[in-house]
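**Student:** Pasted the sequence and its predicted model underneath.
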Amino acid sequence: MGHTTLTSGVGKSVQGIKVGDRVGVGAQVGSCMNCDDCSHDNENYCANYMVDTYNSRWPDGSIAQGGYSNAIRAHQKFIFPIPDGLKSEHAAPMLCAGLTVYSPLVRSKVGPGSRVGVIGIGGLGHFGIMFAQALGAEVFAFSHTASKKEHAHRMGANEFILMNKSEDWLKRLQQTPLDVIINTASSSSVEVGKIISCLKVGGHMYCLGLPKEGFRLPVMQLCGRGAFIGSSHIGSKKEALDMLNLASEKKIEPWIELLPMKECSKAIERVAKGDGTCTVTSTTNVQFDTDLFSSRTCKAHAVAWIYT
């Protein structure tokens, strides 16, 4: 979930944001700002406390109101100026889904010459394809759905792999392995052991989908490739700003559908039925009226609908 807005006022200690700026808020609004993580651009992994934008509480017990509220409290560290070349409705879903895949890509030093696999072509996966391609990588899109082949290529994938057709792709990638695999599937049916065998020695697999039933960790396969498997939690402000600038420079446009905010409940019902993946963009007025924290007065009017 991401939100975009216009700034109507700033507090005396707020830095890097001025009245009239177009800014965004992602899935996190606070952290301690004092621990080792926060001091090294890892505030999204704060060791003391993290305040999510929704379904969360501040240390004083107050509720993080989320994107549907009339006002929201957010630390300036989690307010992201949006470049002029990027539309608000395109920036909004990047602040959660986009950042979730962008961070592991750049932390793995993906760039020209890298080979990246993206499993699942939904809200997260389509950002994974577009950002990996924008960073200069050769991108392999994995799916169980044949109809997504054309979409994957339009998003920038160099090759589409239909995982349930045959295993010729497996033998081929074992000979020409991948540097990084981004697994966005929310199903435990993904055969992690097979996928790991497609990694270069020392390669990384990031599991960003969250299957309720989890999956078995194939330790022997990890040993066989000297591979690393882990996950990621959104990204830092530095990464968010770099991501937005890259999106503006490369003209990255997520696959979305805009709906009036009054149809928000219908959008959520469509998500529940499997008809798309919903994220929210709200155009609002913001008042930064304290030293460190912002009070955001919102009047949301649009919903962005991410392709799946």
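**Tutor:** Sure thing, it's come through.

**Student:** In stretch 125-142, which residues are buried?
**Tutor:** Within stretch 125-142, the residues scored as buried using 16 or more other Cβ atoms under 10 Å are 125-135, 137-142. (C-beta placed from N, C-alpha, C; glycine too.)

**Student:** Pretty sure G202 sits in a helix.
**Tutor:** No: G202 sits outside any helix when classified using DSSP: H, G, I helix; E, B strand; the rest coil, being strand.

**Student:** Confirm for me that it is in contact with V180.
**Tutor:** No: with contact defined as Cβ atoms under 8 Å, G202 does not count as touching V180 (10.9 Å).

**Student:** So between the two, which is more surrounded?
**Tutor:** Between G202 and V180, V180 has the larger neighbour count (other Cβ atoms under 10 Å), namely 24 against 10.

**Student:** strands paired with the helix or strand hosting that one, and their directions?
**Tutor:** Element membership for V180, per DSSP states H and E: strand 178-183. Strand 178-183 has the following sheet partners, assigned by DSSP bridges: strand 115-119 (parallel), strand 199-207 (parallel).

**Student:** rewinding a little: which of the buried residues of stretch 125-142 fall in strands?
**Tutor:** 138-142 (DSSP state E).

**Student:** Make JSON lines from these and add pLDDT and distance to S13 to it.
**Tutor:** Shown next, in JSON lines, are those (pLDDT from 0 to 100; distance: Cβ to Cβ, whole Å):
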{"residue": "E138", "pLDDT": "98", "distance to S13": "45"}
{"residue": "V139", "pLDDT": "98", "distance to S13": "42"}
{"residue": "F140", "pLDDT": "98", "distance to S13": "46"}
{"residue": "A141", "pLDDT": "98", "distance to S13": "45"}
{"residue": "F142", "pLDDT": "96", "distance to S13": "47"}
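
**Student:** and the two most separated of those?
**Tutor:** E138 and F142 (13.9 Å; Cβ to Cβ).

**Student:** Please look at E159 and F140 and confirm they touch.
**Tutor:** Yes: using Cβ under 8 Å, E159 is in contact with F140, at 4.9 Å.

**Student:** The strand holding V180: what's the following helix or strand?
**Tutor:** helix 192-196.

**Student:** Kindly format the C-alpha coordinates of that next one as CSV.
**Tutor:** The C-alpha trace of helix 192-196 is given here as CSV (Å, rounded to 0.1, in the frame of the first residue of the first chain):
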residue,chain,number,x,y,z
VAL,A,192,12.4,-24.3,-4.0
GLY,A,193,14.9,-27.0,-4.3
LYS,A,194,14.7,-27.1,-8.0
ILE,A,195,14.8,-23.3,-8.3
ILE,A,196,17.9,-23.1,-6.1
